[in-house]
Every structure is written in structure tokens, then in C-alpha cells.
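Asker: Task: produce atomic coordinates for the following.
(one chain, ligands or ions: 1)
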Amino acid sequence: SIAVVDTAVRTTCPYCGVGCGVLASPDGAGGAGIAGDPEHPANRGRLCSKGSALGETVGLSTRLLAPMMRIDGALTRASWDAALGAIADAFRATVAAHGPDSVALYLSGQLLTEDYYAANKLAKGFLGTANVDTNSRLCMASSVAGHKRAFGSDTVPGVYADLDEADLVVLVGSNAAWCHPVLFRRLEAARARRGTKLVVIDPRRTATAEEAELFLPVAPGMDSVLFAGLLVHLAEADGLAPDYIRAHTSGFDAALAGARALAPDLATVALRTGVPAADIARFYALFAASERVVTCYSQGVNQSAQGTDKVGAIINCHLATGRIGRPGMGPFSLTGQPNAMGGREVGGLANQLAAHMGFSAAEVDRVRRFWGAPNMATREGLKAVDMMRAVAEGRIKALWVLGTNPAVSLPRADAVREALSRLDFLAISDNVRASDTLACRPHVLLPALAWGEKDGTVTNSERRISRQRAFLDPPGEAQPDWWAMAQVGRRLGYGAAFGWRSVAEVFREHAALSGFENEGSRDFDIGGLAGLDDDAFDVMTPQQWPVREPGEAGDKRFFAEGGFFTPDRRARFIVPAPPAPAARTDAAFPLRLNTGRIRDQWHTMTRTGLSPRLAGHLPAPFAEMHPADAQALGIASGDLVRLASSHGAVVLEARITDGQRRGEVFAPIHWSGANAAEARVNALVEGATDPFSGQPESKATPVRAERV
Ligand code: SF4
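Answerer: A predicted model of the protein is given here:
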């Protein structure tokens with residue numbers, strides 16, 4: 001069948017947003033052989049180091065395999081019935097006593113779309129709160145907000161094939177060689193074949209930057225000045241597309257005036273970005289001269305208190321040149337997580353409702369009617385950082401965390417850990433039995449199915465929905481997350497709404513909602529998949545949305561001929577605010593901490609940490625420093641360094657490199673209390689948030705460094 005090749009099961013990698021297809025061959029003893037799926041359009045058989053090592057990570061040694069409840073202060077094995085009943089009772093009682101916004105769910109880009117759908121329906125339709133947010137808030141929320149500001153919808157206009165056909169690819173705040181490796185290999189193949197130029201814009205000289213024709217080591221936070229300067233250059237060099245601007249956009253004159261105020265000339269851009277003027281001029285000339293340009297951006301753009309403005313400044317340049325939605329052209333958000341996109345599609349963020357709808361009265365009413373929901377949330381809920389503040393202040397009293405480790409990954413991680421530990425009621429669904437979050441005195445633990453055991457769909461960065469399929473038996477008493485949430489819904493008295501018997505039923509309902517009263521008025525529409533029966537769902541091949549009618553296929557781009565999702569169907573140019581990192585350095589904290597991923601680890605290492613091969617790349621937590629900073633502080637490579645901010649401290653091994661800008665330090669995010677107690681770098685991060693997206697600034701925290 002399409003789902004099974006010989007004895008291998010077709011599934012999808014659980015790591016980055018490239019969304020590679022995987023062939024998994026179970027060995028009958030709980031393990032599996034892993035190969036790239038040559039038929040999957042995202043990777044055509046390639047896998048990176050993390051994907052190739054998946055077979056080393058499917059063991060049960062760290063797994064949570066049975067429900068647990070806190071009884072007389074101690075976690076005790078419990079039945080599913082008792083654990084689910086405890087969650088339903090706690091949520092019911094908390095809502096009754098303190099109102100619906102006293103409860104919340106905190107989700108993960110690791111969840112499958114069907115899990116996300118169940119969480120959103122439970123909270124926003126039946127508990128009556130939109131306090132449903134996700135670790136995707138740390139990942140690409142600024143892209144979502146940037147898309148909605150410019151396009152009126154959260155639409156990624158292009159497809160991966162654009163990288164094959166571009167003349168110029170600009171990577172902004174993206175270490176794709178390490179963080180989206182298979183996509184980067186695809187770009188390298190295109191460069192070898194057709195000479196595609198590569199410009200990398202990043203404060204660090206990363207492995208990606210090493211491959212570029214032109215590397216612009218931009219000062220933290222100054223990306224929008226660089227792109228404002230580009231807009232000015234395009235206007236002055238006759239590089240605009242006036243017909244496209246006139247026919248399909250609004251606000252160009254104001255945007256150009258704003259860009260001129262931010263970036264009046266090359267000298268100003270050079271001064272503010274710290275990039276040599278000659279290199280900036282080369283970039284601008286390349287962009288102006290290359291018809292086929294793709295600008296990919298990732299966390300260096302998004303994880304900023306002005307991330308949405310940065311996204312807007314990039315999109316402005318593509319709208320102004322009409323380079324959008326045509327082969328080899330467009331702004332392209334690279335999502336970090338395997339299912340950040342799927343979460344967005346079902347409303348997995350507190351400021352979305354479902355199926356890319358928001359909280360207008362008409363949309364609330366539409367979803368209410370579709371769900372038959374008695375308690376619809378009518379306004380946005382709390383985004384991740386605000387949600388944890390509400391937990392700390394006692395406004396949120398009952399929280400259910402699914403598939404994520406916020407005590408490591410959220411800014412001010414120490415404060416988050418403390419706040420979680422004081423909750424009146426904390427339930428956690430996870431597939432590991434130990435993590436910093438699991439140490440926060442939860443009242444109920446639910447064992448979730450892991451990759452290889454669970455079944456459903458994920459959506460990658462190019463809007464392609466792929467199946468994750470089970471190829472291992474469910475271990476112990478583990479269950480799917482959608483099932484656990486449906487069970488709680490039933491225990492709250494909503495049996496009809498949560499009567500799903502299979503993941504295919506959840507998918508069909510999600511697909512039907514996306515097409516409900518959607519005559520082309522919303523971008524996200526997979527109504528054409530709502531009629532898949534169980535067998536068809538089982539063998540579903542990767543599908544790029546929209547799928548408005550059954551059988552639609554092919555690469556699908558948006559906006560080449562306009563057709564935006566604003567009320568007047570025109571795109572909006574954005575005037576970025578003057579940029580500045582939210583927190584200033586001073587004598588006490590004179591350096592800036594930039595955080596990010598390394599090539600062979602994923603998030604808080606609960607899976608990749610199980611692979612000895614992956615640990616061999618960079619085995620210990622470290623901090624990269626510029627040689628001049630290190631010398632001034634008397635620090636040599638290999639020394640232990642204490643980094644401190646006003647929120648916490650970590651101890652890391654110093655690595656001295658001139659790939660680092662002077663005055664800046666880089667540290668990876670992966671280590672935690674579970675494996676390196678003093679290396680939780682998010683304990684340092686300030687967490688000032690973007691006003692549009694709520695995404696925290698994770699790459700510009702003032703710190704000081706000293707040799708231990
Ligand atoms: Fe998995 Fe991403 Fe590597 Fe592909 S590129 S194998 S999706 S981690």
C-alpha cells in the first residue's frame with residue numbers, strides 16, 4: 001500500500017519544519033531501521049543527522065508508561081479513569097469558582113494536528129476560554145502576525161520548489177545548514193546546478209554563513225533597518241514593480257516614507273547595522289538585479305520584541321517588486337517545529353480561533369454553530385509569556401501542559417518553574433517520566449504516545465500536510481493526546497462533541513470546519529479532504545493546502561495575481577517602528593546573549609539526548625565569545641564561564657571564535673536540569689515580547705560573563 005513499502009511504514013520526521021518523509025522498518029524488538037522516503041516531496045529520500053538517528057531514540061528507558069496522581073503528597077500510579085476524572089473535576093470546579101479564564105492549556109509544536117484540534121475545541125468551545133497557547137509562540141508567532149498584517153491571513157505564499165528556481169536566496173536569521181539541513185542541501189544542489197547566489201544575514205558567522213557569497217553580520221535587532229534601506233534603494237534604482245503595487249497593495253507611499261526615515265542612505269544603514277557599506281551596497285544591487293529572489297527567515301527574525309516589524313520589512317521588499325507567489329520568488333518563513341503550521345491551522349494560538357479564523361463576531365458565531373458549542377470563547381486568550389505571568393500571579397489556577405517542557409524553554413525559566421510548582425492544579429501529558437517541568441509537582445501525569453506510536457497529521461513549512469503513522473505498538477498504558485482530551489470533554493458532559501473513535505474522525509471534522517462557509521474567503525481550506533474514509537486517510541499522500549475540492553494536487557502558491565485576504569483584497573505595506581532591542585546593556589550586564597540550536601540536538605534533548613551518535617557532535621553546553629571579549633575577561637577556550645543576567649545564571653564551557661560579533665555571546669538552548677543543571681540558558685532570558693505577536697525576545701539578553 002501507499003502507507004507501507006515492503007515492511008517499512010511511511011511516516012514523517014518529528015523534528016524540524018522541513019517535514020521530511022521517513023521510511024521506518026520495525027525490527028520486531030521495539031526498534032526500527034530508518035531511511036529517507038524517496039517519494040516524499042520535502043526530502044526525496046534525504047535525511048539529516050537527527051532524522052537518520054531516529055532509530056536510536058525509540059527505546060522505552062525514559063518513558064512514562066502509566067497515569068500517575070499525587071496522593072498524600074506522592075505521585076502514585078493511577079487508572080486512566082481516575083486521572084482523567086481528576087482533570088475534569090479540577091477544570092470544572094476551577095471554572096465554576098473563578099471563571100473560564102482561570103484555566104489554560106499549554107501545547108507544543110510536537111503535537112499532531114488532531115491533538116491540537118481537540119485541545120482547541122475543548123478549551124475554546126466548551127470550557128469557554130481561549131487560554132490555549134503553545135511553544136510555537138517561541139518559534140514563529142512573529143511570522144504569523146507579520147503575514148496577517150501584510151496579507152490579511154497567515155499564508156506562506158511559496159513552496160520549497162522556489163529554492164530550486166531562484167536566482168538569489170537571502171537567508172535572514174537562519175542557520176539553515178544546521179536547523180533545516182535537508183532544505184539547505186536542496187538549496188546547495190540548486191546552487192551547484194544553476195549558480196543560485198546566497199546572501200546570509202545573521203549576527204553570527206554560522207555554518208550557513210560560511211557557504212554564502214555574501215555574509216552580512218547585522219547588529220542584533222537591526223534587520224528592519226537593512227530591509228528599509230533595501231526598499232529605499234529599490235525605489236531609487238528603478239527596481240520597483242509599479243503595476244503590482246498599484247493593482248494589489250495599499251500603503252506603499254507611507255512605507256517608503258517610513259523606510260526613508262529609518263534608512264535614508266547607505267551610510268546610516270551601515271552605521272546602524274554595523275555592516276560595511278560596500279557589502280550592503282552589494283546586497284542591494286544583487287536583490288535589485290535578480291528577478292527570482294526568495295527571502296527565507298527564521299528565529300533570528302521571529303524571536304525579537306520587534307519580530308513582526310522585521311517580517312513586515314522583508315515582505316515590503318517582495319510586495320514592492322511583485323516578487324511573490326511566482327516560481328523562485330517570495331518571502332518564506334522557515335518554521336522551527338514539525339507541526340507549528342498544523343497548530344496554526346486549527347487555532348493552536350491564543351489569538352486564533354480555528355481554521356485560520358479569529359475572534360470577530362461572525363467567526364465566533366460560525367465556529368459556535370459548527371461545533372454546537374455551549375461556551376464559546378469570544379476574545380483572545382493569554383499568549384505564552386503572559387500565560388505564565390498569570391500562573392505566577394494566581395490568575396490561572398489550573399493548567400494542562402501537553403508535550404512540552406516550559407520550565408526549560410520559556411524565558412525566565414526559573415520563575416516559570418516556581419510558578420508551575422505553585423499551581424492549584426497542574427496536569428502534564430508527556431512521554432518521558434523526568435524533566436524540569438515534570439519536577440514541578442504536577443497533580444496528574446498522563447502517559448502520551450510518542451513518535452512511532454502515534455498517528456495523525458503534521459504540516460511543514462510549505463503548507464504540506466503529511467501523515468505521521470504508527471509503526472510500533474503502544475507501550476504500557478500510553479494513549480494519544482487527542483483521546484485524552486476527548487475523554488475529559490466527555491467527563492465534562494459533552495459526549496456528543498467528543499465522541500471521536502479514531503484519529504481519522506478528528507481529521508475529517510477539522511477538514512470540514514476549514515471548508516465550512518468558506519467560499520474562498522479564507523486561505524486555509526482543506527474541505528476537499530473532509531470526505532476521506534478511514535482507508536483513504538490511512539494511505540493519504542502528502543497534500544499541500546489549500547485542497548478546496550477532492551483530488552486537487554500540485555504546487556500551490558499564493559498572491560502572484562494579488563487576491564489577498566484583507567477586506568479589499570489588497571496587501572498592506574508596513575511602516576516598521578524604529579528598532580531597538582527591548583533590554584539595554586549597561587555596566588553590570590555589558591554583553592548580549594544570543595540563543596539558538598545546534599546541529600544534532602533538538603529542543604530539550606528528551607529524544608535526541610538518547611542517541612550516542614548525536615551527542616558526539618557537541619557533547620557539552622557551551623558559550624561562544626569573540627576573542628577580544630574573552631581576552632578582556634581573562635577567559636580561554638575550554639574555561640568554565642558563568643553567564644548571568646538579572647534573572648538567573650548558568651555555567652558553560654567557553655569557546656572562542658571570531659565568528660561571534662564583539663560584545664555578543666551565543667549559547668545553545670538544549671541542556672536542562674535533567675542533564676546539565678547549570679546550563680538552562682532560558683533562565684537568563686528577559687522575555688520582553690513583540691506587541692503584535694507576543695513572541696519573546698530570546699536573542700538579545702544583557703548578560704555578564706566571568707571565569708569560574
Ligand atoms: Fe528531520 Fe528536519 Fe532533518 Fe528533515 S531536515 S530529517 S525534518 S530534522
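Asker: Where does this protein get nearest to the ligand, residue-wise?
Answerer: residue 51 (2.4 Å; C-beta to the nearest ligand atom). Yep, even glycine has a C-beta here, placed from its N, CA and C like the rest.
Asker: can you tell me the helix or strand for that residue?
Answerer: Assigned by DSSP states H and E, residue 51 belongs to helix 49-52.
Asker: by contact count, what packs against that helix?
Answerer: strand 32-36, helix 181-194, helix 612-615 (3 or more C-beta pairs under 8 Å, 6 or more residues apart in numbering; DSSP states H and E).
Asker: quick one: buried residues of the shortest one?
Answerer: Buried residues in helix 612-615, counting neighbours by 16 or more other C-beta atoms under 10 Å, are found at 614-615.
Asker: Give me the sheet partners of the helix or strand following that helix and which way each runs.
Answerer: Under the assignment DSSP H and E, the closest C-terminal helix or strand after helix 612-615 is strand 622-625. Looking at strand 622-625 with DSSP bridges, its partner strands are strand 649-656 (parallel), strand 664-668 (antiparallel).
Asker: what's the following helix or strand after strand 622-625?
Answerer: helix 627-633.
Asker: Residues in contact with that following helix: which ones?
Answerer: For helix 627-633, the surrounding residues in contact (C-beta atoms under 8 Å, 6 or more residues apart in numbering) are 591, 635-637, 654, 656-658, 660, 662-663, 665, 705-707.
Asker: Most tightly packed of the strands paired with strand 622-625?
Answerer: strand 664-668 (a mean of 23; mean count of other C-beta atoms under 10 Å).
Asker: returning to that earlier point: any idea which of the strands paired with strand 622-625 gets closest to residue 281?
Answerer: Closest approach to residue 281 among the strands paired with strand 622-625 is made by strand 664-668 (24.6 Å; C-beta to C-beta).
Asker: what sits against the residue lying closest to residue 560 once chain neighbours are set aside?
Answerer: Distances taken as C-beta to C-beta, 6 or more residues apart in numbering put residue 325 closest to residue 560, at 3.7 Å, once the chain neighbours are dropped. Going by C-beta under 8 Å, 6+ apart, residue 325 touches 157-158, 557-561.
Asker: and what of residue 117?
Answerer: Contacts of residue 117 by C-beta under 8 Å, 6+ apart are 346, 354, 482, 506, 509-510.
Asker: Show me which residues of whichever strand or helix holds it are buried.
Answerer: Counting by DSSP H and E, the element that carries residue 117 is helix 113-120. Neighbour counts over helix 113-120 (16+ other C-beta under 10 Å) mark 113-120 as buried.
Asker: Kindly report the same for stretch 540-559.
Answerer: For stretch 540-559, the neighbour count (16+ other C-beta under 10 Å) marks 540, 542-548, 552, 556-559 as buried.
Asker: which one of the residues you listed sits closest to residue 377?
Answerer: For the buried residues of stretch 540-559, the nearest to residue 377 is residue 545 (24.9 Å; C-beta to C-beta).
Asker: Now the closest one: phi and psi?
Answerer: The phi/psi pair for residue 545 (degrees, to the nearest 10) reads phi -80, psi 160.
Asker: thought it was touching residue 525?
Answerer: Yes: using C-beta atoms under 8 Å, residue 545 is in contact with residue 525, at 7.0 Å.
Asker: Chain neighbours aside, what residue packs nearest to the residue of the chain closest to the ligand?
Answerer: Nearest one to residue 51, counting by C-beta to C-beta, 6+ apart, is residue 13 at 4.6 Å.
Asker: re the thing from before, in strands, which of the contacts of residue 117 fall?
Answerer: Taking DSSP state E, every one of those sits outside strands.
Asker: Select from those every entry located in helices.
Answerer: If you go by DSSP state H, the contacts of residue 117 have 346, 482, 506, 509-510 in helices.
Asker: how about the buried residues of helix 113-120 in CSV, adding pLDDT and distance to the ligand?
Answerer: Listed next are the buried residues of helix 113-120 as CSV, based on pLDDT from 0 to 100; distance: C-beta to the nearest ligand atom, whole Å:
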residue, pLDDT, distance to the ligand
113, 97, 16
114, 98, 20
115, 97, 19
116, 97, 19
117, 97, 22
118, 98, 24
119, 97, 23
120, 97, 25
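Asker: Pick the one among the residues you listed closest to residue 619.
Answerer: For the buried residues of helix 113-120, the nearest to residue 619 is residue 115 (32.8 Å; C-beta to C-beta).
Asker: Report the contact partners of the closest one.
Answerer: Here residue 115 is in contact with 107, 402-403, 456, 480-482, 485 (criterion: C-beta under 8 Å, 6+ apart).
Asker: With residue 277 instead?
Answerer: 266-267, 269-270.
Asker: which outside residues touch the helix or strand where residue 149 lies?
Answerer: Per DSSP H and E, residue 149 falls inside helix 141-151. With C-beta under 8 Å, 6+ apart as the contact definition, helix 141-151 has outside contacts at 153-157, 297, 301-304, 307-308, 310-312, 314-316, 319, 333, 335, 344, 349, 383, 523, 558-559, 564-566, 571-574, 690, 692-695.
Asker: what do you get if the cut-off is 7 Å, keeping everything else the same?
Answerer: 153-155, 301-302, 304, 307-308, 311-312, 315, 333, 344, 349, 559, 564-565, 571-572, 574, 690, 692-695 (C-beta atoms under 7 Å, 6 or more residues apart in numbering).
Asker: now, which of the residues you listed lie within helices?
Answerer: Judged by DSSP H, helices contain the following of the contacts of helix 141-151: 301-302, 307-308, 311-312, 315, 344.
Asker: first to last residue in stretch 20-34, what's the distance?
Answerer: End-to-end span of stretch 20-34 (C-alpha to C-alpha, to the nearest Å): 12 Å.
Asker: Does it reach the ligand?
Answerer: Yes: counting by C-beta under 6 Å from any ligand atom, the ligand is contacted by stretch 20-34 at residue 20.
Asker: Give me the average confidence score over that stretch.
Answerer: The average pLDDT for stretch 20-34 rounds to 93.
Asker: follow-up on the earlier one: ok but the residue nearest to residue 560 is inside a helix, no?
Answerer: No: counting by DSSP: H, G, I helix; E, B strand; the rest coil, one finds residue 325 to be coil, located in no helix.
Asker: Which positions in the stretch 101-250 of the chain make contact with the ligand?
Answerer: Residues of the stretch 101-250 of the chain lying near the ligand (C-beta under 6 Å from any ligand atom): 180-182.
Asker: Save those as TSV, and put in pLDDT too.
Answerer: Below are these laid out as TSV (pLDDT from 0 to 100):
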residue	pLDDT
180	97
181	97
182	97
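Asker: Quick check on residue 594: phi, psi?
Answerer: According to degrees, to the nearest 10, residue 594 has phi -110, psi 130.
Asker: Report the beta-bridge partner residues of it.
Answerer: Beta bridges link residue 594 to residue 666, judged by DSSP bridges.
Asker: Looks like it contacts residue 699 (just checking).
Answerer: Yes: the pair residue 594 and residue 699 passes the contact test of C-beta atoms under 7 Å, sitting 4.6 Å apart.
Asker: who's more crowded, those two?
Answerer: More crowded of residue 594 and residue 699, by other C-beta atoms under 10 Å: residue 699, with 27 against 22.
Asker: and the more buried one, what pLDDT?
Answerer: We have a pLDDT of 93 for residue 699.
Asker: Do I have it right that it meets residue 303?
Answerer: Yes: between residue 699 and residue 303 there is a contact under C-beta under 7 Å: 5.2 Å.
Asker: where do the contact lists of these two overlap?
Answerer: Shared contacts of residue 699 and residue 303, defined by C-beta under 7 Å, 6+ apart, are absent.
Asker: mind checking how far stretch 276-286 is from the chain centre?
Answerer: 31 Å (C-alpha atoms, centre = their mean, to the nearest Å).
Asker: One more: stretch 302-312?
Answerer: 14 Å.
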